[in-house]
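Trainee: One predicted model, sequence on top.
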Amino acid sequence: MNEGYWAREPDIDELRRLYDQLKTDPGSAVAGLESLAGRGSTMSMWYLAEAYMGTNLPKDIAKAKYWYGQADQQGSSEASFMLGRICAQERDYESALAAFSRSASRGYLPSIYRLAMMYRDGSGTKTDIDRCRMLLEEATSKGHIFAKRDLATLYISGSFGPKLVFRGFALLATLARDVAGLLVSAIRHGPVIDNRLLG
């Protein structure tokens, strides 16, 4: 989550205690996190959503969506992204499009990529290959691996005209370098979740 959320947390020590308590006494932790969420704690909302996704509690998608939605309203790009993913899995494409759009407007790469795919496929909106290209180019310029892969594929297929086919092959060459760099980093520093890989 963005560092700005941590700075706005009303009681970070209590938040950490409750997060740890989720593993040992989830019922009490949930009550405490809900209380913190009522005081504007975005991270409490995130932790509650994640818990209801099955990490510490029985899976309850409706409650997970509720808490991701609350964090989304607080401006959490990650929560908007997760809400969009759930809506897309439920085939509620209009809600998914709206959630990814909110997150993309905040510059969150995985949401920019997902939004591009929705415009490509016409999910929740009309097919718009030009909008798809614009979004893929934006995400690619910021280092999103899957966006670069899909943009290269569209270029090579001739979707944007024959002049860009060679650009597609050039993108594929740089994609191989990017993936190799991520692998070297994972070997040196251990695997980390990188939003350039989330799709």
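Mentor: Cool, got the structure.
Trainee: Return the list of helices and strands in contact with the helix or strand containing Ala62.
Mentor: Following DSSP states H and E, one finds Ala62 within helix 61-73. Here helix 61-73 touches helix 42-50, helix 77-89, helix 93-105, going by 3 or more C-beta pairs under 8 Å, 6 or more residues apart in numbering; DSSP states H and E. C-beta coordinates here come from the backbone N, C-alpha and C atoms, glycine included.
Trainee: Packing partners of the longest helix along the chain?
Mentor: Longest helix in the chain by number of residues, with DSSP state H as the criterion: helix 165-189. If you count contacts as 3+ C-beta pairs under 8 Å, 6+ apart, helix 165-189 packs onto helix 145-156.
Trainee: Tell me where this structure is predicted with low confidence.
Mentor: Along the chain, segments meeting pLDDT under 70 span 1-5, 191-199.
Trainee: ok, the residue positioned nearest the centre of it - contacts?
Mentor: For the chain, Phe81 is the residue whose C-alpha lies nearest the centre (C-alpha atoms, centre = their mean; 3.9 Å). For Phe81, the contact set (C-beta atoms under 8 Å, 6 or more residues apart in numbering) comprises Ala99, Phe100, Ser103, Tyr108, Pro110, Ser111, Arg114, Leu198.
Trainee: which one of those residues is nearest Leu182?
Mentor: Closest approach to Leu182 among these (C-beta to C-beta): Leu198, at 12.6 Å.
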